[in-house]
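[1] Any chance you can model this:
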Amino acid sequence: MTAPASPAQGAADHAARARSFDAAAAQYAAHRPSYPAALLDTIEDLTGRPLTGTRVADIGAGTGISTALLHERGARVLAVEPGDGMAAQFRAGHPGIPLVRGDGNALPLADDSTDLLTYAQAWHWTDPHSSVPEALRVLRPGGALALWWNTNALDIDWIAEAARRAGRFFGIDIPAEKQRAARTELADPTGRLDFTRRELRWSRRIPVDAHLANIGSHSFFLVCPEDRRTAFFTQERDHLLEVFPDGIVEETYDVLLLVATKP
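    Model (predicted):
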């Protein structure tokens, strides 16, 4: 039996996973899913203001998937990204959107300067004991913090089976991890924010190799030894073609959205 990781080793593994995206930024940009228009509609409903003209800082912007959606909706959006590779990919894909370097634990933003802070697939890379006070510092009175993640729709049989295979491969309980992500108290263990939670379902159809590239852009796979990763994807491709013999995979997601207004 493998001994459990020490807190120091766990922190080191977390940091390695966070850094892993820089070397795979092009793959991330090409294959990660976007978000449905209903997500932005719901953010507007929960914050009580249109995104058009709103001063937004998109933190952990990565390659700009969420930033571009906010920009297209008319927000005055600034991207904040810590990683070299991700920032370079962002600038190549979105040269007209401003980007600064930084992360959620020490935001490079002035006090009371932002109407809306957004974190798409990024809040879990922060330490909320630091990122919550930072969010409250930079938000204007009445401003809001919005966190969201695409999560797999585990009530769909083929997705649940794929999650079990990945879970066995990495030794993790993926359904339990999804339930954990839905616990709003873990988003803010300081108890200073009152989150409203919503879930929105959406789907997309993509070729099986694009689906595998999407999966492969996740940090657990990025830090996995190449031979193990290759063996897993070879077997996974065979499983998927049994379900989707035409080679087109229908990915279904539940977007978990948490929104809190600055007290």
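
[2] Look through this protein and tell me its longest helix.
    Ranked by residue count and defined by DSSP state H, the top helix of the chain is helix 226-243.

[3] Could you give the average pLDDT over that helix?
    The pLDDT scores in helix 226-243 average 95.

[4] For it, name the packing helices and strands.
    With contacts taken as 3 or more CB pairs under 8 Å, 6 or more residues apart in numbering; DSSP states H and E, helix 226-243 sits against helix 157-170, helix 208-216. All C-beta spots, glycine's among them, are computed from the backbone N, C-alpha and C.

[5] Report the mean confidence score over the shortest one.
    To tie it back to what came earlier, the one meant is helix 208-216. Mean pLDDT, helix 208-216: 96.

[6] Only alpha carbons, please: show the helix or strand just after the longest helix of the chain as CSV.
    Moving toward the C-terminus from helix 226-243, the next helix or strand (DSSP states H and E) is strand 248-261. In CSV, the C-alpha atoms belonging to strand 248-261 read as follows (Å, rounded to 0.1, in the frame of the first residue of the first chain):
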residue,chain,number,x,y,z
ILE,A,248,-18.2,11.9,-32.6
VAL,A,249,-18.4,12.2,-28.8
GLU,A,250,-21.2,14.2,-27.1
GLU,A,251,-19.7,15.7,-24.0
THR,A,252,-22.2,16.9,-21.5
TYR,A,253,-21.3,19.3,-18.7
ASP,A,254,-22.9,20.8,-15.6
VAL,A,255,-21.5,24.3,-15.0
LEU,A,256,-21.3,24.9,-11.3
LEU,A,257,-21.6,28.6,-10.7
LEU,A,258,-21.1,30.4,-7.3
VAL,A,259,-21.8,34.1,-7.0
ALA,A,260,-21.4,36.3,-3.9
THR,A,261,-21.9,40.1,-3.5
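
[7] Partner strands of strand 248-261, with direction?
    Strand pairing for strand 248-261, using DSSP bridges, gives strand 139-152 (antiparallel), strand 196-207 (antiparallel).

[8] Perfect, I'm done here.
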